[in-house]
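Asks: Please work out how this folds:
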Amino acid sequence: MTAPSTPLRHDAPDLTMNSLGFAKPPAQTRVVVAMSGGVDSSVVAAMLAAQGYDVIGVTLQLYDHGAALAKKGACCAGQDIHDARRVAERIGFPHYVLDYENRFRESVIEEFADAYLAGATPVPCIRCNERVKFRDLLQTARELDADCMATGHYIRRFDGPRGAELHMAADPARDQSYFLFSTTQEQLDFLRFPLGGLASKAETRALAAQYGLSVADKPDSQDICFVPDGNYASVIEKLRPGSADPGEIVDLDGNVLGAHRGVIHYTIGQRRGLGIGGLGDPLYVLRLEPDTRRVVVGPKQALATRIVPVTEVNWLGDEPFEGEIAIAARIRSTRPPRPAILRATGDRRAEVELLAPEEGVSPGQACVFYATEGTRVLGGGWISHRRGG
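Replies: Residues are numbered from 1 along each chain as shown. Below is the predicted model:
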């Protein structure tokens, strides 16, 4: 199997351009590759080096990895740094490890804890991309005189008539567009995503084997990197002592149905683990009230909503962000985009009206906007609170 060139190229053929879109030979094109130590970013680095690019690998140490050294499936831990270094040595390009622990804690972990305490369900991986990888690391890449920065994300970047466009990955099962909605136009101009055009993860692993990479069979990361055992509540308790104070479980009328062991142990839409069985119809978590330490539960139909207010909107569409815009909206990473109307209510605020109600819309999650046809990502925002409808 030969290394594909098409994933690196999405615009019309132009013999003066190299596969990354620069009018110069690969050897004169410097690329910083963000290397997590996993198979995806390792393949990107090996592929670009094989094509003759001036590759520099950079790995970020993001947190105290002592608890995760023996944990498979968590990125940016000690073993992952070692794996990234081995790939660089195997292929023969420079590799640097940057200590971003303080930046990561301040920009991602602290907000994660505060959001959980406020009753939200945060997505720290998006904040990490936004505030660390695509801001701080991207600036470091510029300081290294790089022409661009490449990552192992499964998403595509096309050169459109009005500049770079963000598109879903060719493989729907691997698409990571939900986690990259906050990528700005300026960042998108500098970024490259060589794996976005691959048909499956099997192709990535086949390339890793072809390049002789030791990470070819390494498992994919599953958990949030700084929660190595998947227990979010224990991390919050460590960061915010006293955060797991008990309280009441109540219905929509305020009737007390039971007691809970801390709001941080619950999420919107949760059904299991409430400890209030024997009441007939199943009950679901509808709302979290940290101020009163109450968990509000009710029937499944009460979870449905059509109106989703969003803040911190990042708009990547060609048309102005104003008035009403027909879109497809994704409110969870595991759900497909659904038809919706986007209404701008401010410079970076909007209201998304889902044409069909959805369950489990949670504050702190992202609402990502897509074009009604095709694969283009139009941006997105953060769900600020849930309204019925």
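Asks: just the helices in the stretch 151-300 of the chain please.
Replies: In the stretch 151-300 of the chain, the helices defined using DSSP state H, counting those that start in this stretch lie at 185-190, 201-210, 232-239.
Asks: Rebuild those as a markdown table, extending it with mean pLDDT, mean neighbour count and distance to Arg86.
Replies: No exception for glycine: its C-beta is placed from N, CA and C like everyone else's. Putting the helices of the stretch 151-300 of the chain into a markdown table (pLDDT from 0 to 100; neighbours: other C-beta atoms under 10 Å; distance: least, C-beta to C-beta, whole Å) gives the following:
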| stretch | mean pLDDT | mean neighbour count | distance to Arg86 |
| --- | --- | --- | --- |
| helix 185-190 | 95 | 16 | 27 |
| helix 201-210 | 96 | 18 | 12 |
| helix 232-239 | 82 | 17 | 29 |
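Asks: And those: which comes nearest Pro320?
Replies: helix 185-190 (13.8 Å; C-beta to C-beta).
Asks: Send over that closest one as CSV, restricted to the C-alpha atoms.
Replies: Only the C-alpha atoms of helix 185-190 are listed here, as CSV (Å, rounded to 0.1, in the frame of the first residue of the first chain):
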residue,chain,number,x,y,z
GLN,A,185,-11.0,31.5,10.4
GLU,A,186,-7.5,32.7,11.1
GLN,A,187,-6.6,29.4,12.7
LEU,A,188,-8.2,27.5,9.9
ASP,A,189,-6.0,29.3,7.4
PHE,A,190,-2.9,27.9,9.2
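Asks: Contacts for that helix next, please.
Replies: Contact partners of helix 185-190, identified using C-beta atoms under 8 Å, 6 or more residues apart in numbering, comprise 134-135, 138, 141-142, 148-149, 157, 163-166, 316.
Asks: Run the chain-centre distance for stretch 195-205.
Replies: Computed by C-alpha atoms, centre = their mean, to the nearest Å, the chain-centroid distance of stretch 195-205 equals 18 Å.
Asks: Which stretches in the stretch 1-150 of the chain count as strands?
Replies: Using DSSP state E, counting those that start in this stretch, the strands found in the stretch 1-150 of the chain span residues 30-34, 54-61, 95-99, 148-150.
Asks: wait, I meant the stretch 251-389 of the chain
Replies: 256-260, 284-289, 294-298, 305-315, 324-330, 338-344, 350-358, 366-370, 376-383.
Asks: quick check: angle from the longest one to strand 376-383?
Replies: Taking axes from the mean of the first three to the mean of the last three C-alpha atoms, to 10 degrees, one finds that strand 305-315 is oriented at 110 degrees with respect to strand 376-383.
Asks: Quick check: buried residues in strand 305-315?
Replies: Residues of strand 305-315 classed as buried under the neighbour-count rule (16 or more other C-beta atoms under 10 Å) are 305-306, 308-310, 313-315.
Asks: How about the first one?
Replies: By 16+ other C-beta under 10 Å, the buried positions in strand 256-260 come out as 257, 260.
Asks: With just CA atoms, put it into CSV.
Replies: Output in CSV follows, covering the C-alpha atoms of strand 256-260 (Å, rounded to 0.1, in the frame of the first residue of the first chain):
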residue,chain,number,x,y,z
VAL,A,256,-39.1,15.4,47.7
LEU,A,257,-38.6,11.9,46.3
GLY,A,258,-35.3,11.0,47.8
ALA,A,259,-31.8,12.2,48.6
HIS,A,260,-28.7,12.4,46.5
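Asks: I'd like to know which elements the longest helix seen in the chain is packed against.
Replies: For the chain, the longest helix by residue count, based on DSSP state H, is helix 78-91. If contacts are counted by 3 or more C-beta pairs under 8 Å, 6 or more residues apart in numbering; DSSP states H and E, helix 78-91 sits against helix 39-50, strand 54-61, strand 95-99.
Asks: partners of the last one, with directions?
Replies: In other words, strand 95-99. Strand 95-99 sits in its sheet next to strand 54-61 (parallel), going by DSSP bridges.
Asks: export the partner strand as CSV, just CAs?
Replies: As requested, the backbone C-alpha atoms of strand 54-61 are provided in CSV (Å, rounded to 0.1, in the frame of the first residue of the first chain):
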residue,chain,number,x,y,z
ASP,A,54,10.4,19.8,6.8
VAL,A,55,8.6,18.2,9.8
ILE,A,56,8.9,19.3,13.4
GLY,A,57,6.9,17.2,16.0
VAL,A,58,5.6,18.9,19.1
THR,A,59,4.0,17.1,22.1
LEU,A,60,2.3,18.9,25.0
GLN,A,61,2.6,17.7,28.5
